[in-house]
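Undergrad: Provide a 3D model corresponding to the input given below.
(one chain, ligands or ions: 1)
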Amino acid sequence: VNFFERKITEQLQKQTTKGLLRRLRVADLRLADFYSNDYLGLARNTELRYKIEQDISGQKLSQGATGSRLLSGNNSLIESLEVKLAAIFKSSSALVFNSGYMANLGVLSSVPGKGDVILYDELIHASIKDGIRLSLADAYSFRHNDVDDLEKKIIRHGGQVYIVIESLYSMDGDIAPLKDIIQVSKKHECAIILDEAHTTGLMDSTGAGLAVSMGVHNDIDIRIYTFGKAIGTHGACVAGSLELTSFLTNFARPFIYTTALSPHAVAAISHAFDFISINTNLFESLQEKVNYYKACLAAAHLGNPAFGWIQTLLLNDPGKTKEASLSLQQQGFDVRPILPPTVKAGSERLRICLHAFNTHEEINQLIKAISELR
Ligand SMILES: Cc1ncc(COP(=O)(O)O)c(C=O)c1O
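TA: Below you'll find the predicted structure:
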């Protein structure tokens, strides 16, 4: 064995010893889905699929974008999508990226520069952390959703500060105190970067996310929306000023040096947003399931629920968390364990995602199975 095989084998063994080794698994479609990010069921919606297929075959779209946006990969389809997205998210401009990961990498690596300060919520997503690692700015975390700690750090570190937060935290399911953060940000003349991955397509029946639903979108400088979750497809966009999207087009390397989304993918995103705007009952149905879950949780005295479609059950131990998820899977519920490094060691948990398509019966049975775990 050569040096690198020795090294990677050792690292894999360490993960195994810690009980943290991960493997890819093919989804078992017989289980009730309490783990995917397909909150509205759009990824599996047959009516939407039919519309996309009709459109794709009617337009005779090419299979691939053939190049990056700045070379051969730009076309009127993607530009029309960007106009549509800017209207939905009430921004002057929107720029499509191939994924939320790449949008976050693009924004964080290019906008905050040398001498700037990034203050990020300690529970921020890995894609933002990776973007921060690529940035020349100094970066510090503040305590989760703690506006006092944020303000202390703004004062301590001073300068041109970017505050980076999520609308709905992906592994905790709680919402950022957006109004308070905006207030502190205005007081100290900071800029806010908001990742709306788990609120894109959600928050109300228009699906425009948290900032728009609260009417505070103009107070957020940079907003990131992703399409792989409630929109049921793939890709992302950054919404903001024309200057911002023009800057990203020039300086965001994850935008520049990659092949653009295929026309099929672009058409699918566009149709998914049209579908949401027509089928306003989808969000209502999700909200109703969330309310039902909360009521069942309270009736079973299983502790406090999180805000919405992302619920958690803290078990604080990797072994127990894996066992619990396995037991739920054996009973027909797909619920996955969330382990380090995704969450801090000692805060291992089950992440339970709710969907518009989950039935009352499934939710009832799941809560029953959870109470029996305990
Ligand atoms: C908060 C957050 N931001 C960004 C991403 C990345 O988005 P994408 O899956 O589109 O790359 C995710 C999901 O993986 C996420 O949860």
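
Undergrad: switch to C-alpha atoms for all contacts and neighbour counts from now on
TA: Noted.

Undergrad: so for stretch 208-216, what gets flagged as buried?
TA: For stretch 208-216, the neighbour count (16 or more other Cα atoms under 10 Å) marks Ala208, Gly209, Leu210, Ala211, Val212, Ser213 as buried.

Undergrad: isn't the fifth one right next to Ala86, touching?
TA: Read it as Val212. No. Val212 is beyond contact range of Ala86, at 11.6 Å (criterion: Cα atoms under 8 Å).

Undergrad: okay, the buried residues of stretch 208-216 in TSV with distance to Asp172 next?
TA: Below are those laid out as TSV (distance: Cα to Cα, whole Å):
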residue	distance to Asp172
Ala208	21
Gly209	18
Leu210	16
Ala211	19
Val212	22
Ser213	21
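
Undergrad: are we agreed that Leu350 is in a helix?
TA: No. Per DSSP: H, G, I helix; E, B strand; the rest coil, Leu350 lies outside any helix segment and is strand.

Undergrad: separation between it and Leu313?
TA: Distance, Leu350 to Leu313, by Cα to Cα, to the nearest Å: 5 Å.

Undergrad: residues contacting the closest residue in space to Asn104 that isn't next to it in sequence?
TA: In space, and not counting its chain neighbours, Asn104 is closest to Ile128: 5.4 Å by Cα to Cα, 6 or more residues apart in numbering. Ile128 makes contact with Tyr101, Asn104, Leu105, Leu108 under the criterion Cα atoms under 8 Å, 6 or more residues apart in numbering.

Undergrad: swap in Leu286?
TA: Shown in contact with Leu286 (Cα under 8 Å, 6+ apart): Tyr39, Leu40, Trp309, Leu354, His355, Ala356, Phe357.

Undergrad: which one of these sits in the busiest neighbourhood?
TA: Using other Cα atoms under 10 Å as the neighbour criterion, Tyr39 leads the contacts of Leu286 with 29 neighbours.

Undergrad: and it, how close does it get to Ser99?
TA: The gap separating Tyr39 from Ser99 is 18 Å, by Cα to Cα.

Undergrad: check Phe3 too.
TA: Relative to Ser99, Phe3 is positioned 34 Å away (Cα to Cα).

Undergrad: between these two, who's got more neighbours?
TA: Neighbour count, other Cα under 10 Å: between Phe3 and Ser99, Ser99 has more, with 20 against 7.

Undergrad: ok, that one touching Gly235?
TA: Yes. Judged on Cα under 8 Å, Ser99 makes contact with Gly235 at a distance of 4.0 Å.

Undergrad: shared neighbours, these two?
TA: Shared contacts of Ser99 and Gly235, counting by Cα under 8 Å, 6+ apart, come down to Thr226, Phe227, Gly228.

Undergrad: spell out which parts of this structure neighbour the ligand.
TA: Within the chain, the positions near the ligand by Cα under 6 Å from any ligand atom are Ser99, Gly100, Tyr101, His125, Ser127, Ser170, Asp195, Ala197, Thr226, Gly228, Gly235, Ala236.

Undergrad: the stretch 201-350 of the chain: helices as residue ranges?
TA: For the stretch 201-350 of the chain, the helices defined by DSSP state H, counting those that start in this stretch occupy 209-214, 242-251, 253-256, 263-278, 281-299, 318-330.

Undergrad: what's in contact with stretch 173-186?
TA: With Cα under 8 Å, 6+ apart as the test, stretch 173-186 has contacts from 145, 147, 151, 163, 165-169, 191-192, 211, 216, 219-220, 306-312.

Undergrad: could you report the pLDDT at Gly15?
TA: To be clear, residue 15 is Gln; Gly isn't right here. Model confidence at Gln15, given as pLDDT, is 92.

Undergrad: against Gly319, how distant is the closest residue to it other than its chain neighbours?
TA: Nearest non-adjacent residue to Gln15, counting by Cα to Cα, 6+ apart: Leu21, 4.9 Å away. Separation of Leu21 from Gly319 (Cα to Cα): 12 Å.

Undergrad: output the below-cut-off pLDDT ranges for the protein.
TA: Along the chain, the model assigns pLDDT under 70 to residues 374.

Undergrad: can you do 50?
TA: For the chain, no stretch has pLDDT under 50.

Undergrad: mind listing what the most centrally placed residue in the chain touches?
TA: Here the mean C-alpha position of the chain is nearest to the C-alpha of Ala197 (Cα atoms, centre = their mean), at a distance of 2.9 Å. By Cα under 8 Å, 6+ apart, Ala197 lies in contact with Gly100, Glu166, Ser167, Leu168, Ile224, Tyr225, Thr226, Phe227, Lys229.

Undergrad: any idea how far it lies from Lys18?
TA: From Ala197 across to Lys18, the span is 30 Å (Cα to Cα).

Undergrad: try Gly228
TA: Distance from Gly228 to Lys18, counting by Cα to Cα: 31 Å.

Undergrad: now do the same contact list for the closest residue to the ligand within the stretch 101-250 of the chain.
TA: Proximity of the stretch 101-250 of the chain to the ligand (Cα to the nearest ligand atom) peaks at Tyr101, 3.7 Å away. By Cα under 8 Å, 6+ apart, the contact list for Tyr101 reads Ser127, Ile128.

Undergrad: thanks a lot, see you next time.
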